[in-house]
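> Okay, structure incoming, though there's no sequence with it:
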């Protein structure tokens, strides 16, 4: 089994480099995340125009119904693709609407990335061979899973609940003039806690933890192995930025395909208020949403938003690893956060 040995960075270096990388990733890729969320929470509903046409047809013909080709009007409306969804957001709400929820992401990005990289290095050190210090491929995956669960519980889930509530506003074009309930990340978080309790910020945490665990397990494993291979190929520790971006892109694309159904159900669960599931346990809510989704919209609905998600996560990881490695390397070279080497005592 292949293995690797890597010197852990100073935790402060991980915090600064990881936070910087996360900020760049969010700024570059957040619009795709907004489109993904809108696609996931879209339901097949008869549009007002279709309903009006059906009503007029019924009034004129006396027996007309809102059907197309013998089917229900609701089923006849095809959910928009990611390009059309993005265009609709831009046309109806403006360019800045693509960055809704960015505040929640930015507020949580530094602790998220600090926890991700620091906990990964911590678990990796624990799982390293005591004799040689090397970490096997399987233990690299376990360290990534641990990092994913840790970041999900401490930062990601509350951040995503706030982000999704902000992104889900103004879904009905007839209410685009209504005053938004949530104006920014801080106000949205306060409102959610006040109206629904702090437990609302942890709705769907088991799904978030499962998603982040599979994401980071695959992400760190594939990235570290590809990086190790290229380092051996070039005979150097430092890789060109374009190679770091490529292996980050590859490693980032794997997770979304494996856990897309979890992400879709999680988004639906976090969007709705707690009153929708009164008296139901967390797992019952998950089962209820999943069953309803399959029954009303079919199996393909579980993969709603997969295209923009892959388009967001894969380049997002490319940006994250490239910026992280760049900043970490320069901070370590500058020795800003390293402990000063004690001067040798002079012998009398």
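Perfect, I can see it now. Here the structure is a predicted model, which is why all the values come from computation and not from measurement.
> where does this protein have low pLDDT?
Within the chain, the ranges that satisfy pLDDT under 70 run 1-9, 43-79, 170-178, 272-282, 336-348.
> Quick one: the strands in it, in order.
Using DSSP state E, the strands of the chain run over 3-4, 67-68, 71-72, 135-136.
> Pairing partners for the last one, with directions?
Strand 135-136 has its sheet partners listed here by DSSP bridges as strand 3-4 (antiparallel).
> do you know how far the residue lying closest to residue 191 once chain neighbours are set aside is from residue 164?
Distance criterion CB to CB, 6 or more residues apart in numbering; nearest residue to residue 191, sequence neighbours excluded, is residue 182 at 6.4 Å. All C-beta atoms are positioned from the backbone trio N, CA, C, and that covers glycine. Note on residue 182: its distance to residue 164, by CB to CB, to the nearest Å, is 10 Å.
> ok, those two, which is more surrounded?
residue 164 (25 against 21; other CB atoms under 10 Å).
> isn't residue 20 right next to residue 323, touching?
Yes. Residue 20 is in contact with residue 323 according to CB atoms under 8 Å; the separation is 6.0 Å.
> who's more crowded, those two?
Remark: of residue 20 and residue 323, residue 323 carries more neighbours, 23 against 20, as counted by other CB under 10 Å.
> what sits against that one?
17, 20, 21, 24, 25 (CB atoms under 8 Å, 6 or more residues apart in numbering).
> can you rerun that using 6 Å?
20, 21, 24 (CB atoms under 6 Å, 6 or more residues apart in numbering).
> The stretch 51-200 of the chain: helices as residue ranges?
73-76, 82-93, 102-127, 137-151, 157-167, 185-196 (DSSP state H, counting those that start in this stretch).
> most packed of those helices?
helix 157-167 (a mean of 26; mean count of other CB atoms under 10 Å).
> That helix packs against which elements?
The contact analysis (3 or more CB pairs under 6 Å, 6 or more residues apart in numbering; DSSP states H and E) places helix 157-167 against helix 11-41, helix 102-127, helix 185-196, helix 241-271.
> next one: stretch 25-44 to chain centre, how far?
Remark: stretch 25-44 is offset 10 Å from the chain centroid, using CA atoms, centre = their mean, to the nearest Å.
> Just the buried positions in that stretch, please.
25-26, 28-42, 44 (16 or more other CB atoms under 10 Å).
> Repeat that for stretch 287-306.
For stretch 287-306, by 16+ other CB under 10 Å, it's 289, 290, 293, 297, 301, 302, 303, 304, 305, 306.
> want to try CSV for those residues, with distance to residue 204 as columns?
Supplementary listing: these in CSV, determined by distance: CB to CB, whole Å:
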residue, distance to residue 204
289, 9
290, 12
293, 14
297, 19
301, 17
302, 15
303, 18
304, 16
305, 16
306, 18
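> Going by distance to residue 132, which of the residues you listed wins?
Within those, proximity to residue 132 (CB to CB) peaks at residue 306, which comes in at 40.7 Å.
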